[in-house]
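>>> Just to be clear, the model below is a prediction. Sequence and coordinates:
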Amino acid sequence: MEGSCRGVLAALVVLAGLAACGSGNEILEGPRNVTVVKGSEARFNCTISQGWKLIMWALKGTVVLSVTPTEPIITNDRFTSASYEEGGNFISEMIIHDVQLSDAGQVKCSLQNSDRDGSAFLSVQVMGALLIPGGSLVVLAEEPCNVTCRALGWTPLPDISWEIGAPVSHSSYDSAPEPDDLQSAVSVLALTPLGSGSVTCVADMKGLPLRESVTVNLTVVQPPLGSVDKPGTSLPTWAIALLAVSLSLLSILIIVLIIIFCCCCASRREKEESSYQSQIRKSASVKTNTETFQTKSGKENYGYS
């Protein structure tokens, strides 16, 4: 009886010793926030003082990985472990493979029989597609044109910019989300090209040193015959012919108008001369009648005497 009591007492002493050893363990530095792209890896480190017995990693409140001093306990191949020692302390690393959007949330590192833990947040971004519809472009020299770039399926939406590898006299661009798709955006580059080259649409992920780009060739051609030419350049043949015909018709019209004007003037002059001659004849007739009347009157006077 006395021996069994001593055995129980010894066991209690051992357990108390283990508890005392474990009570000194603590998390010196918890994991830090991480932002990754969907499909890549996310790594979280937790620094712990020596003497620990069990480390537990939880994602969004669910334990996904446990680590013992001898080996990790892996229940899901997407969650693996690595370990390091630094300055006498133990560093446990949890690696999340093939990160998905659904993995975004709180990550927690904790010790068995301890109410202290370290936590961080996992953010997941999606790099979608980037394209310039239509591909390479053929445009007119010194004529304004637009180049459209679309970012499809990005979370969050990227910052879109342009790189111009061609001589231009003017360029500007504007970017905006697609009204019917919160994960897509469109950017329109307006430029006036002077020569051939290339244009590149660049999408930068927010918070990550990652970018996607797409480049198309810009071929600049001179305006075809028949377009409005620049001052100081010769006109095309058809324009010269049209101008010659127009001038000929205008000359004929002017000549016709001059002839009509001359005819009108001559007719008016003839009318004026005819009226003048009529007045002269009338005046002469009146004068003749007057003289005849006076002569007759004189003769009557002489006969009377």
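Thanks, I have the structure now. Because the structure is a prediction, the values reported are computed rather than measured.
>>> I'd like the secondary structure assignment at I258, please.
Of the three states, I258 takes helix under DSSP: H, G, I helix; E, B strand; the rest coil.
>>> Look up how far C264 lies from it.
11 Å (Cβ to Cβ, to the nearest Å). Yep, even glycine has a C-beta here, placed from its N, CA and C like the rest.
>>> Can you tell me the element A151 falls in?
Applying DSSP states H and E as the criterion places A151 in strand 145-152.
>>> Can you tell me the strand partners of that strand and which way each runs?
Strand pairing for strand 145-152, determined by DSSP bridges: strand 129-131 (antiparallel), strand 181-193 (antiparallel).
>>> Give me the buried stretch members for the first one, please.
For strand 129-131, a neighbour-count test (16 or more other Cβ atoms under 10 Å) marks L130 as buried.
>>> same check, this time on stretch 110-126
Using 16+ other Cβ under 10 Å as the test for burial, stretch 110-126 gives S110, L111, S114, G118, A120, L122, S123, V124, Q125.
>>> Before we go further, H170 is sitting in a strand, right?
Yes: counting by three-state DSSP, H170 is located in a strand.
>>> who does it bridge with?
So, taking DSSP bridges as the rule, H170 has T192 as bridge partners.
>>> Might you report the residue contacts of it?
P144, A190, L191, T192 (Cβ atoms under 8 Å, 6 or more residues apart in numbering).
>>> on that earlier part again, please produce CSV containing the strands paired with strand 145-152, extended by distance to S274.
Formatted as CSV, the strands paired with strand 145-152 follow (distance: least, Cβ to Cβ, whole Å):
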stretch, distance to S274
strand 129-131, 89
strand 181-193, 71
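>>> can you give me the helices in this protein?
Under the criterion DSSP state H, the chain contains helices at 2-23, 237-304.
>>> Lowest mean pLDDT across these, which one is that?
Ranked by mean pLDDT, the helices of the chain end with helix 2-23 in last place, scoring a mean of 39.
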